[in-house]
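> Coordinates for the following, if possible.
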Amino acid sequence: MDSFFQSRAFGARSWSYESLKNFAPIDAVVQNHLKSVYLTLCLAVVSSAAGAYLHILSNIGGTLTTLGCMLCVAWLVATPAYEERKRFGLLLASSLLQGATLGPIIQLAIDFDPRILVTALVGTAVVFVCFSAAALVAKRRQFLFLGGLLSSGLSLLLWLHFASSIFGGSTAMFNTEIYLGLLVFLGYVLFDTQLIIERARSGSFDRVGDALHMYTNLVAVFIRVLIIMLKNGAEKEKKKKKRSQAS
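As a prediction, the model looks like this:
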């Protein structure tokens, strides 16, 4: 599921060289659009939380929810922008299924130590807000030049994932995928935030599509933060066991 959401082809738009030189402040129209995007993003996150809760209750997360999420996203992308209600419903459906898909790792974190899940959620929210705010207060289009670098990093991640699935992954490769992926998607938070602003200034107010991009980044960051914290927690438990056995 994560590899599907990593595609940046959906919603790709172009901008002119003249627009890159424009460093005017964000106007009221763009601000209103950003409010709508972040409100839609919050609703998608709530839908994901509901999906994760459904998995904990009924154990529904798995291959079917993954495929269903992919289908909903593909349907959303293929739906014209003027059918906003339909696209919004598809976004909520895909985020619900994505939450159910994430249910097993969330259940694992709860069983291992509920504090890890809470810390991962809070940490992800804080980092996401900070990076989004940095993109909003920075000079216009300052981070749009990250696009090529981030695309290269994303391609490297896909090749690493492909290689590990064929030849078997080592611990070093796994750590590279996790930490590099975290950096890449944090960079995409900066990039996509400023790209949303430029699209809005050019007259493109795709609230649902923009929220989907930000939701993709948020989920990708959360998964990696949670995995890192679970990995560190497991290592600490092993060290405690060794110390207790030695004593």
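> and the residue positioned nearest the centre of the chain, what helix or strand is that in?
The chain has Asn217 as the residue nearest its centroid, 2.3 Å off, counting by C-alpha atoms, centre = their mean. Assigned by DSSP states H and E, Asn217 belongs to helix 207-246.
> for the chain, which spans come out with low pLDDT?
Applying pLDDT under 70 to the chain flags the ranges 1-25, 139-143, 168-169, 247.
> Run through the helices of this structure in chain order.
2-5, 17-20, 28-58, 63-78, 84-101, 103-112, 114-137, 147-167, 171-201, 207-246 (DSSP state H).
> and among those helices, the most buried is which?
Mean neighbour count (mean count of other C-beta atoms under 10 Å) peaks for helix 84-101 among these, with a mean of 22. To be clear about C-beta, it is placed using only N, CA and C from the backbone, and glycine gets the same treatment.
> Direction-wise, compare it with helix 28-58 and give the angle.
40 degrees (axes from the mean of the first three to the mean of the last three C-alpha atoms, to 10 degrees).
> What helices and strands are in contact with the helix holding Asn217?
Judged by 3 or more C-beta pairs under 8 Å, 6 or more residues apart in numbering; DSSP states H and E, the packing partners of helix 207-246 are helix 2-5, helix 28-58, helix 63-78, helix 84-101, helix 103-112, helix 114-137, helix 171-201.
> and of those helices, who's closest to Val225?
Closest of those to Val225 is helix 114-137, at 4.9 Å (criterion: C-beta to C-beta).
> ok, residues contacting that closest one?
Around helix 114-137, the neighbours that count as contacts under C-beta atoms under 8 Å, 6 or more residues apart in numbering are 26, 34, 106, 109-110, 143, 186, 189-191, 193-194, 197, 214, 217-218, 221-222, 225-226, 229-230, 233.
> If we use 7 Å, what do you get?
The set of residues external to helix 114-137 that reach it, using C-beta atoms under 7 Å, 6 or more residues apart in numbering, is 106, 109-110, 143, 186, 189-190, 193-194, 218, 221-222, 225-226, 229-230, 233.
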